[in-house]
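# Provided below are the primary sequence and the corresponding predicted coordinates.
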Amino acid sequence: VSSEPGAGAPASASAAHGGDGAALAERLRAGDRRALARALTRIEDGAEPELRDLVARLHPFTGHAQLVGVTGPPGVGKSTLTSALVRWWRQRDATVGVVAVDPTSPFTGGALLGDRIRMQDHILDRGVFIRSMATRGHLGGLSWATPQALLVMDAAGFDVVVLETVGVGQAEVEVAGVADTTVVAVAPDMGDAVQAAKAGILEAADVFVVNKADREGAGRTVRELRDSQRLGHGPWMPPIVSTVASRGEGIDELAAAIADHRAWLAADDRLRARRLHRARVHVRELAVAALRSRMGAVAEGVALDAVAGQVVDLELDPYAAADTLVAALGG
Ligand SMILES: Nc1nc2c(ncn2[C@@H]2O[C@H](COP(=O)(O)OP(=O)(O)OP(=O)(O)O)[C@@H](O)[C@H]2O)c(=O)[nH]1
Ligand SMILES: [Mg+2]
């Protein structure tokens, strides 16, 4: 019961779990990287009572960071692009936090080791923080963890926070959309643009990158993207930038495109619309996780056994039985 979200007083729940939320929040905001790492681990672990307390403490200090999503098919060069962008921002004295979320890996560290190696350029730079996160899924996975991670990174005071996600399906598309600006990367080979279109990630793009432009077919991929844009786009027409991330080519243009989009957002309350979308996803996922947790308690209890018996005895049909379980959740 103690892990049930929504139960108990946050501060005492946290104290009972040995986590001093006030001290952790303070250290995190003061720039202590170990405190930040610990907060992100709590998100990975779905450590609910501690997180509830921490989020409540950090939330008032959010809203500073520029949130940039980088998504695209596996291996397209997202981490290489991110690393190059980090360098670009650091040259302009902006501090940068990077979270790479792997929706598939059930364990921390393994699958994203490659990212760590690629990000090694920045390892001695105090103005950069890079972290891979696995979303284990028991509390709702990617859509639950991502806004939580962004909130924590934002409160830690970075000027820019980059969220790298592998764009493979609808959940990733929604997650990519929680950033202020979403960069969708494709590559010339493997029919990436077509793949990305199928996955629906093109719609999430504020900026397109055709990375690996040193490869054959880059021009054709740019044309394909342009053609797909002719079929329609919103009030913002996503620019298409060609890059060779591994050689740092096109990064000036990419950074400029991201800045342009940010400037566009800053006008007419559009940034607020983005933040509303992010808050909607965040709040909904927390609510769903709380319901799922309560449902788990009900479904493991005698209530489920009782209605299951009634279903077997033909006294209740399965829908009606489910209704009684839901009703047992209370208000
Ligand atoms: N030829 C070429 N190779 C590139 C370019 N950018 C990145 N690569 C290489 O492509 C490979 C994948 O790059 P990553 O940055 O790890 O790609 P990713 O999209 O982050 O990969 P995942 O996180 O595993 O989905 C690496 O071997 C890079 O060196 C480029 O512009 N041209
Ligand atoms: Mg990567």
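Done, it's in. Ligands and ions are numbered 1, 2, ... in the order given.
# check which helix or strand the residue most central in space within the chain maps to.
Centroid-nearest residue in the chain: T146, 3.1 Å away (criterion: C-alpha atoms, centre = their mean). T146 is part of helix 142-155 when elements are defined by DSSP states H and E.
# residues contacting the residue nearest to the centre of the chain?
V101, T135, L163, T165, V175, V178, V281 (C-beta atoms under 8 Å, 6 or more residues apart in numbering). Yep, even glycine has a C-beta here, placed from its N, CA and C like the rest.
# show me the residues you listed that map onto strands.
Among the contacts of T146, the members found in strands (DSSP state E) are V101, L163, T165.
# and which of those residues is nearest to ligand 1?
T165 (9.0 Å; C-beta to the nearest ligand atom).
# wait, doesn't the closest one sit right on V175?
Yes. Counting by C-beta atoms under 8 Å, V175 is a contact partner of T165 at 5.6 Å.
# now do the shared contacts for those two.
Common contacts of T165 and V175 (C-beta under 8 Å, 6+ apart): G69, T71, V101, L142, T146.
# neighbour-wise, which of those residues leads?
T146 (30 neighbours; other C-beta atoms under 10 Å).
# got the confidence number for that residue?
On the pLDDT scale, T146 is placed at 88.
# check which helices and strands the lengthiest helix in the chain is in contact with.
In the chain, assigned by DSSP state H, the helix with the most residues is helix 270-300. For helix 270-300, the elements it packs on are helix 142-155, helix 251-266, helix 318-328, judged by 3 or more C-beta pairs under 8 Å, 6 or more residues apart in numbering; DSSP states H and E.
# what is the burial count for whichever residue of the stretch 201-331 of the chain sits closest to ligand 2?
As assessed by C-beta to the ion, ligand 2 sits closest to A245 within the stretch 201-331 of the chain, at 11.0 Å. Each residue near A245 was counted by other C-beta under 10 Å, and the total is 27.
# can you tell me the SS state at P238?
coil (DSSP: H, G, I helix; E, B strand; the rest coil).
# in the chain, where is pLDDT below threshold?
The chain contains residues with pLDDT under 70 at 1-19, 102-121, 136-140, 168-173, 189-201, 330-331.
# circling back: could you dump the helices and strands packed on helix 270-300 to a markdown table with distance to P188?
A markdown table is the format used below for the helices and strands packed on helix 270-300 (distance: least, C-beta to C-beta, whole Å):
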| stretch | distance to P188 |
| --- | --- |
| helix 142-155 | 28 |
| helix 251-266 | 16 |
| helix 318-328 | 50 |
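# wait, which of these is closest to D45?
helix 142-155 (10.3 Å; C-beta to C-beta).
# run the angle between that closest one and helix 270-300 for me.
130 degrees (axes from the mean of the first three to the mean of the last three C-alpha atoms, to 10 degrees).
# heads up, I number from 347, so please use that
All set: I'll call the first residue 347, so the last point we hit is now helix 488-501.
# for helix 488-501, buried residues please.
Judged by neighbour count using 16 or more other C-beta atoms under 10 Å, the buried positions of helix 488-501 are 488-501.
# any chance of these in CSV, plus distance to ligand 1?
As requested, the buried residues of helix 488-501 are exported to CSV (distance: C-beta to the nearest ligand atom, whole Å):
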residue, distance to ligand 1
L488, 14
S489, 19
W490, 21
A491, 17
T492, 15
P493, 21
Q494, 21
A495, 16
L496, 18
L497, 23
V498, 21
M499, 19
D500, 23
A501, 26
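# ok, these vs E570, which is closest?
Taking C-beta to C-beta as the measure, E570 sits nearest to L488 out of the buried residues of helix 488-501, at 27.7 Å.
# so that closest one sits against V447, correct?
Yes. With contact defined as C-beta under 8 Å, L488 reaches V447; the gap is 6.3 Å.
# shared neighbours, the two?
Taking C-beta under 8 Å, 6+ apart as the contact rule, L488 and V447 both touch T481, T511, V521.
# what's the closest of those to ligand 2?
Of all the shared contacts of L488 and V447, ligand 2 sits closest to T511, with 9.3 Å by C-beta to the ion.
# and that closest one, how far is that from S592?
T511 sits 20 Å away from S592, taking C-beta to C-beta, to the nearest Å as the criterion.
# when the two are compared, which one has more neighbours?
Shown here are T511 and S592; by other C-beta under 10 Å, T511 has more neighbours (27 against 15).
# partners of that one in the sheet?
Beta-bridge pairing of T511 under DSSP bridges involves T417, V447.
# give the contact list for it.
By C-beta under 8 Å, 6+ apart, T511 lies in contact with G415, V416, T417, A446, V447, P449, L488, T492, E518, V521, A522.
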